[in-house]
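[1] turn this into a structure:
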Amino acid sequence: MEKIIIYQIFTRLYGNRNENRKPGGSIEENGCGKLNDFTPAVLKQIKGMGVSHIWYTGVIRHATMTDYSQYGIPRQHPAVVKGRAGSPYAITDYYDIDPDLAVDVEHRMEEFQQLVERTHKAGMKVIIDFVPNHVARQYKSICKPRGVKDLGQGDNPQLGFDPQNNFYYCPGQRFTPYFDLYHGETEPYIEEPAKATGNDCFHNAPGQNDWYETVKLNYGVDYYAGRIGHFDPVPSTWKKMLQILLFWAQKGIDGFRCDMAEMVPAEFWGYATKQVKAQYPELVFIGEVYNPGEYRRYIANGFDYLYDKVGMYDTMFQIIRGQQSTQAITGAWQATDDIRDHMLYFLENHDELRIGSDFFAADGRKAVPALVVNALMQQNPFMLYAGQEYGERGMDCEGFSGHDGRTTIFDYWSVDTLTRAVKKQLTADEQQLADIYNKVLNIARKEKAVTEGVSYDLMYVNPDCHRQYMFLRRAKSSLLLVVANFDDASAAVDVRIPAHAFEFLKLKEKSLEATDLLSGQRTMLCLKADGQIHVDVPARGALVYKMKA
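    Alright, predicted model coming up:
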């Protein structure tokens with residue numbers, strides 16, 4: 001059984017070594033990473049970290065202020081583009097590769113397919129975004145296969161809602177958002193009738209905090225009449241989105257990370273995933289679903305994995321910041337215990353704060369105990385975001401993306417730690433953190449107690465521990481004792497192991513030689529029912545003792 005470790009890469013940024021970093025700079029000024037930057041050597045290094053899947057974020061063509069009209073690509077009006085580079089979640093052509101990422105724009109799809117082949121040859125799988133809920137305001141496919149109808153083609157824009165329309169409309173009303181529709185152009189952006197905005201804004205005047213650069217897709221749900229679903233006959237949008245999924249599956253990718261999946265009816269996912277998996281049974285669907293009450297419904301409709309955001313991520317966020325007891329971790333995993341193998345754990349992604357930012361922990365090393373727990377506690381997948389392994393701080397003010405503790409998804413930029421890592425200019429602390437990630441993720445991938453074993457939470461018999469978390473993992477003769485210390489000071493801990501753990505894990509009382517897989521240090525541990533094991537855990541660190549039981 002394989003433990004999935006996903007490495008999210010914001011493709012536009014990863015290979016960019018240009019250090020100009022001019023706020024709001026153009027692609028000529030600040031540069032841009034390319035698909036070809038992922039050489040066999042780069043991919044080998046990523047694979048060596050313990051990574052099984054790379055999520056190449058932002059590869060499908062999206063709205064941008066960069067002009068590619070010389071290649072026959074429609075130019076986007078800057079009034080409805082966020083940032084010079086644009087949001088990767090404002091798709092302009094579901095069948096095209098983003099030209100920013102290509103060395104040879106006219107052969108951008110070939111460059112992508114070569115990347116897929118290189119990634120597979122390196123022993124990893126490929127995940128790309130599928131953005132089903134919304135598209136760019138000026139969506140127009142120029143690369144759709146012959147016989148495929150474009151989104152909006154055949155719509156009746158005089159109807160606010162029709163089950164066979166691809167968009168929602170505001171009949172008789174022009175698009176009048178809060179901002180200037182000229183944005184430096186001689187002609188304004190005109191949209192009449194206005195389409196509903198991507199974040200369920202069903203009127204013609206989205207505000208500053210709305211997803212104003214996008215339009216909502218219509219899956220047969222009548223929001224004007226209280227979210228009534230009209231799914232028979234099958235809505236036009238369902239058929240068109242299935243065609244898109246199959247198009248990319250045919251390119252040899254291995255999975256889709258489905259943006260804002262819960263904003264699309266679960267019935268569609270049941271329809272689409274069943275047909276995609278009939279042809280590509282190994283292909284995985286990862287859903288961005290934030291409502292725990294919906295988790296099981298979306299899993300039942302074909303999702304392999306769901307973000308564990310409001311449970312495990314939010315719990316870890318507070319514990320790392322000293323705002324909650326480690327006892328809360330038990331409640332976080334128990335809340336989804338019946339679907340544990342479907343929950344994707346993470347500590348960073350493109351939406352969330354960088355751990356090293358001043359708005360989170362101000363030091364990426366403070367999340368090491370959370371990394372150990374999330375990666376080793378269960379068999380479910382773990383995801384990290386490129387730069388996280390170096391403690392990237394995300395404290396730049398890049399342009400459209402301000403001083404917010406996140407790495408921009410809107411601007412042309414280069415990531416400080418990723419740039420210095422290539423030049424071998426990391427600080428000692430950054431390199432040490434990278435070494436820890438390497439060790440922990442490889443333990444997660446290779447140790448059978450993690451990939452195949454059962455887990456036993458020890459917190460209920462150690463109720464006085466509020467800054468440490470401890471558990472056992474066992475598979476056959478391999479036993480792991482994991483103790484993570486979230487405190488800023490080293491901790492001397494007496495870990496109690498109850499008699500029930502011996503029954504559940506089929507352990508025998510005896511002394512065993514234990515090796516800490518993180519430090520390599522060896523010691524003797526006496527396993528005794530209802531007894532205690534004394535351990536000294538480093539500050540913001542962990543022990544992963546391996547024993548042959």
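[2] Arg467 against Ala328, yeah?
    No - using C-beta atoms under 8 Å, Arg467 is not in contact with Ala328; the gap is 11.8 Å. The way it works is simple: take the backbone N, C-alpha and C, and place the C-beta from them, glycine included.
[3] how about Asp351, nearest residue that isn't a chain neighbour?
    Nearest residue to Asp351, sequence neighbours excluded (C-beta to C-beta, 6 or more residues apart in numbering): Arg406, at 7.6 Å.
[4] could you look up the SS state of that neighbour?
    coil (DSSP: H, G, I helix; E, B strand; the rest coil).
[5] gap between it and Glu398?
    10 Å (C-beta to C-beta, to the nearest Å).
[6] between those two, which one's more packed in?
    In this view Arg406 and Glu398 are compared by other C-beta atoms under 10 Å, and Glu398 has more residues nearby, 28 against 23.
[7] next one: the more buried one, what pLDDT does it get?
    At Glu398, the model reports a pLDDT of 97.
[8] OK, contacts around it?
    21, 23-24, 408, 410-411, 413 (C-beta atoms under 8 Å, 6 or more residues apart in numbering).
[9] just flag the most distant two among those residues.
    Arg21 and Phe410 (14.3 Å; C-beta to C-beta).
[10] give the buried residues for the longest helix anywhere in the chain.
    The residue-count maximum for a helix in the chain (DSSP state H) belongs to helix 428-446. Residues of helix 428-446 classed as buried by neighbour count (16 or more other C-beta atoms under 10 Å): 430, 433-434, 436-437, 439-445.
[11] also stretch 111-123?
    Neighbour-count burial for stretch 111-123 flags 111-113, 115-116, 118-119, 122 (criterion: 16+ other C-beta under 10 Å).
[12] now it: average pLDDT?
    For stretch 111-123, the mean per-residue pLDDT is 98.
[13] how about residues contacting it?
    34-36, 38-40, 43-44, 46-47, 54, 56, 59, 97, 101-104, 125-126, 251-253.
[14] show the buried residues in those.
    Of those, these count as buried by 16+ other C-beta under 10 Å: 34-35, 38, 43, 46-47, 54, 56, 59, 97, 101-102, 125-126, 253.
[15] out of the residues you listed, which are inside strands?
    54, 56, 97, 125-126 (DSSP state E).
[16] among these, which one lies nearest to Glu282?
    Lys125 (8.9 Å).
[17] I'd say the closest one and Tyr56 touch.
    No - Lys125 is beyond contact range of Tyr56, at 11.0 Å (criterion: C-beta under 8 Å).
[18] any idea how far the residue nearest to the spatial centre of the chain lies from Asp259?
    The residue lying closest to the centre of the chain (C-alpha atoms, centre = their mean) is Asn349, at 5.1 Å. Noted for Asn349: a distance of 11 Å to Asp259, by C-beta to C-beta.
[19] for Ile4, same thing?
    According to C-beta to C-beta, Ile4 stands 19 Å off from Asp259.
[20] cool, Phe38 as well?
    In terms of C-beta to C-beta, Phe38 sits 22 Å off from Asp259.
[21] before we move on, what about Pro206?
    18 Å.
[22] low-confidence ranges in the protein?
    Under the criterion pLDDT under 70, no range of the chain is flagged.
[23] for it, what spans make up the helices?
    11-14, 27-30, 40-48, 108-121, 236-249, 266-279, 295-300, 314-320, 327-334, 368-376, 416-422, 428-446, 448-451, 499-505.
[24] contacts for the fifth one next, please.
    Which is helix 236-249. 94-95, 128, 130, 132, 145, 148-149, 151, 154, 164-166, 217-220, 231, 256, 268, 271-272, 275-276, 279-280, 283.
[25] mind doing that once more with 6 Å?
    Applying C-beta atoms under 6 Å, 6 or more residues apart in numbering, the contact partners of helix 236-249 are 94, 132, 148, 164, 166, 217-219, 268, 271-272, 276, 280, 283.
[26] fine by me, thanks again.
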